[in-house]
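Undergrad: Fold the following.
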Amino acid sequence: MISFIIPAYNEERLLGHTLRALHAAAQAVGEPYEVIVADDASTDRTAAIAEGHGARVVRVAHRQIAATRNAGAREAKGDLFFFVDADTLVNEGAVRAAIQALRDGAVGGGAAFQFDGHLPWYARLLQPPAVWSSRVAGLAGGCFLFCTRQAFQAAGGFDEALYGAEEIFLSRALKRQGRFVVLRETVTTSGRKLRAYSGWELLRIFSRLILRGPQAVRSRRGLEIWYEERREDPESTA
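TA: Have a look, this model is predicted:
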């Protein structure tokens, strides 16, 4: 069985779209599956929307993405884990290709990604090399990461000492377990952060991450793009 695990914090605007796309993809593939939403102390209708779309809700209060992903995984019943962000639309092609890769012997992987909506010019310029570099480096983006239960457990799950980039560290840990693939199939994730923050703000945040290395993601400090109160998406219609 496939377990789709979605970490969520105050995602009432986008979660319904994510779940509808996920159900459509999974049903088209025809494999038994479950959907788990790990609701991390949301104060909006995230849990109600998840339950209304047939997901099993796991309630936690970590306010830490790695711990929340692990909480969902602990409740999963499947032997294949798919971690999907609450603002990401998956499709049949990506799910089918991931399942085939796992059954062909891969221990895990990710997919190419694209952002939705209008993007600032610098984001449009940087997206192709970002996708290319993730494929060359063999690293999965956090919006869509899949693996076997066995490999996930052997890798120790997501590192709960980290407040960001946890998918990169798990990708590396999974590589030590066996073959890790980055699919050519594409999922669509929200470009809301790129629209809500200015180019200078994003440059400052990511420069700090690059300069400080792994130490930069061992606390919430400096990670406001993920942990501060979410800014309104200029393209939001909700």
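Undergrad: drop to CA atoms for contacts and neighbour counts, all remaining ones
TA: Fine.
Undergrad: Helices of this protein, start to end?
TA: 15-29, 46-52, 65-74, 92-103, 121-137, 149-155, 166-175, 192-196, 199-212, 224-227 (DSSP state H).
Undergrad: I'd like these laid out as TSV, including mean neighbour count, mean pLDDT and distance to Val37.
TA: Below are the helices of the chain laid out as TSV (neighbours: other Cα atoms under 10 Å; pLDDT from 0 to 100; distance: least, Cα to Cα, whole Å):
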stretch	mean neighbour count	mean pLDDT	distance to Val37
helix 15-29	18	97	10
helix 46-52	19	97	7
helix 65-74	23	97	7
helix 92-103	18	98	18
helix 121-137	13	77	26
helix 149-155	18	98	17
helix 166-175	21	94	18
helix 192-196	18	83	21
helix 199-212	13	75	28
helix 224-227	15	72	18
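Undergrad: Just send those helices back as CSV, with distance to Ala86 too.
TA: Listed next are the helices of the chain as CSV, based on distance: least, Cα to Cα, whole Å:
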stretch, distance to Ala86
helix 15-29, 5
helix 46-52, 10
helix 65-74, 12
helix 92-103, 16
helix 121-137, 20
helix 149-155, 20
helix 166-175, 15
helix 192-196, 12
helix 199-212, 21
helix 224-227, 13
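Undergrad: Nearest to Pro234, out of those helices?
TA: Pro234 sits nearest to helix 192-196 of all the helices of the chain, at 6.7 Å, using Cα to Cα.
Undergrad: For Arg231, list the residues it contacts.
TA: Arg231 makes contact with Ala196, according to Cα atoms under 8 Å, 6 or more residues apart in numbering.
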